[in-house]
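# Let's see this in three dimensions:
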Amino acid sequence: MTRGSSRAAVLAGLLAGGLLVGCGDASQVAEADKTPSNPGEVKAESTIAPHRYNLGSDVSAQMVAGWDIDVRPDGLGLPAGEGSVEDGEQLYEEKCATCHGVFGEGAGRWPKLAGGEGTLTDARPDKTVGSYWPYASTLFDYIRRAMPFTAPQSLSNTEAYAITAYVLYLNDLVEDDFVLNQSNLASVQMPNKDGFITDDRPDTSNTRCMENCLDASTLVIQTVIPGITPTDGVNGEDNPASAAPAVASVGAEDSAGEKTYQQACQVCHGSGIAGAPAVGDREAWLARLAKGTDLLYQHAVEGFEGESGLMPAKGGHTQLSDQQVKQAVDYMIKHSGK
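Predicted coordinates:
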């Protein structure tokens, strides 16, 4: 191949690559276009700058900070702030007792938070914060990250400290005048801190294969674990909403609303937790409807927090389409005798 044809081949390759990955930097093209002084010389790969696909955007420090909220057992990662047992009691009754019980005993099948000391060797151990959890940092991290169930990450640091302090108090781990903060949280000793061992087993026992592999058509994707996953219709006994009477569908016209209700609404509206009007409670729905159906739709789609309760936003495609939310609202109204 002549010098000229070699140069033409390189340029043709660059043009073909440009159609696939988009326009690169001019400096990259110029670098890749250089012909070796010796036609038989193989150009080192390191002389070619990597392609840039120009997709996405740089992650800012503020974006990283929003995700980087984990807390280590030694207290690293704890935010500034403090909260007392006394303040935590009121907050707990407002935001936690509906599911976890006034004294941490659990409501329905929602988790118990207190009690269970000495039961870990029983056939059915009672795993609570006091009897099972090894670190107080885990309690704070989980409360701040995931609670309340209907509005995760809505608590201020002060509120998270106070509720954590009160749950520790319910388990007789701190005194009633205790004030929790980032300096003393790691010093709280949990009864079962030495009850865990390192699990050094491999993540999977499967082996790689290039032939005689499993037939993909025989594999089943399991989305519900019997007896564990709280899903009505499959494991209704694990869901506090199961305490409410089952709602029967009366026709195909509201099947879409029924499906959305079961997937996204029943956990609260099936039993009336967090101030949600329970399906079947005609008076509660009449009170909501007195302000107009459009406002009811708006609260369901955009979210609402007031004296009557808390409604997390369900629409705007954050979880569901606005149409799906309205269908679920129509379904609940219809099956509440209105």
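# quick one, phi/psi of the residue nearest to the spatial centre of the chain?
With distances taken as Cα atoms, centre = their mean, A146 lies nearest the centre of the chain, 7.0 Å away. With angles defined as degrees, to the nearest 10, A146 sits at phi -130, psi 0.
# Please name the residues that touch it.
152-153 (Cβ atoms under 8 Å, 6 or more residues apart in numbering). Every residue, glycine included, has its C-beta placed from N, CA and C.
# Now with 7 Å, please.
P152 (Cβ atoms under 7 Å, 6 or more residues apart in numbering).
# next one: G81
So G81 contacts 157-158, 161, 181-182 (Cβ under 7 Å, 6+ apart).
# can you check P73 too?
Applying Cβ under 7 Å, 6+ apart to P73 gives the contacts 135, 137, 186.
# Now the first one, what are its backbone angles?
What it means is Y135. According to degrees, to the nearest 10, Y135 has phi -130, psi 140.
# which residues does it bridge with?
With DSSP bridges as the criterion, Y135 is bridged to Q189.
# Was I right to think it contacts M190?
Yes. Counting by Cβ atoms under 7 Å, M190 is a contact partner of Y135 at 6.1 Å.
# For the closest residue to M332 other than its chain neighbours, report the pLDDT, please.
Nearest residue to M332 in three dimensions, chain neighbours excluded: V279, at 5.1 Å (Cβ to Cβ, 6 or more residues apart in numbering). If you check V279, the pLDDT there is 85.
# looking at this, V279 is in a strand?
No. Using DSSP: H, G, I helix; E, B strand; the rest coil, the assignment for V279 is coil, not a strand.
# so how many other residues sit close to it?
26 (other Cβ atoms under 10 Å).
# Would you map the helices across the stretch 151-300 of the chain?
Listed in chain order, the helices of the stretch 151-300 of the chain (DSSP state H, counting those that start in this stretch) span 157-170, 255-260, 266-269, 282-289, 293-302.
# With mean neighbour count and mean pLDDT as extra columns, can I get the ones you listed in a markdown table?
Formatted as a markdown table, those follow (neighbours: other Cβ atoms under 10 Å; pLDDT from 0 to 100):
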| stretch | mean neighbour count | mean pLDDT |
| --- | --- | --- |
| helix 157-170 | 25 | 98 |
| helix 255-260 | 18 | 82 |
| helix 266-269 | 24 | 81 |
| helix 282-289 | 15 | 84 |
| helix 293-302 | 17 | 84 |
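# Ok, which of these comes nearest W110?
Each of these has some distance to W110 by Cβ to Cβ; the shortest is helix 266-269, at 10.2 Å.
# In CSV, list the C-alpha atoms belonging to that closest one.
C-alpha atoms of helix 266-269 as CSV (Å, rounded to 0.1, in the frame of the first residue of the first chain):
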residue,chain,number,x,y,z
GLN,A,266,-53.8,0.7,49.3
VAL,A,267,-51.1,0.7,51.9
CYS,A,268,-52.5,4.0,53.3
HIS,A,269,-56.0,4.2,52.0
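# For this structure, give me the ranges with low pLDDT.
Counting by pLDDT under 70, the chain shows low-confidence ranges at 1-49, 205, 221-254, 274, 306-309, 315-319, 338.
# Do a quick rundown of the strands in it.
82-84, 179-181, 304-306, 309-311 (DSSP state E).
# could these go into TSV alongside mean neighbour count and distance to G104?
Converted to TSV, the strands of the chain look like this (neighbours: other Cβ atoms under 10 Å; distance: least, Cβ to Cβ, whole Å):
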stretch	mean neighbour count	distance to G104
strand 82-84	20	17
strand 179-181	20	16
strand 304-306	13	25
strand 309-311	19	21
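# These: which one's closest to W110?
Across these, closest to W110 is strand 309-311 (Cβ to Cβ), at 16.4 Å.
# Could you export the helices of the stretch 151-300 of the chain as JSON lines, including distance to E117?
Listed next are the helices of the stretch 151-300 of the chain as JSON lines, based on distance: least, Cβ to Cβ, whole Å:
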{"stretch": "helix 157-170", "distance to E117": "12"}
{"stretch": "helix 255-260", "distance to E117": "42"}
{"stretch": "helix 266-269", "distance to E117": "30"}
{"stretch": "helix 282-289", "distance to E117": "39"}
{"stretch": "helix 293-302", "distance to E117": "43"}
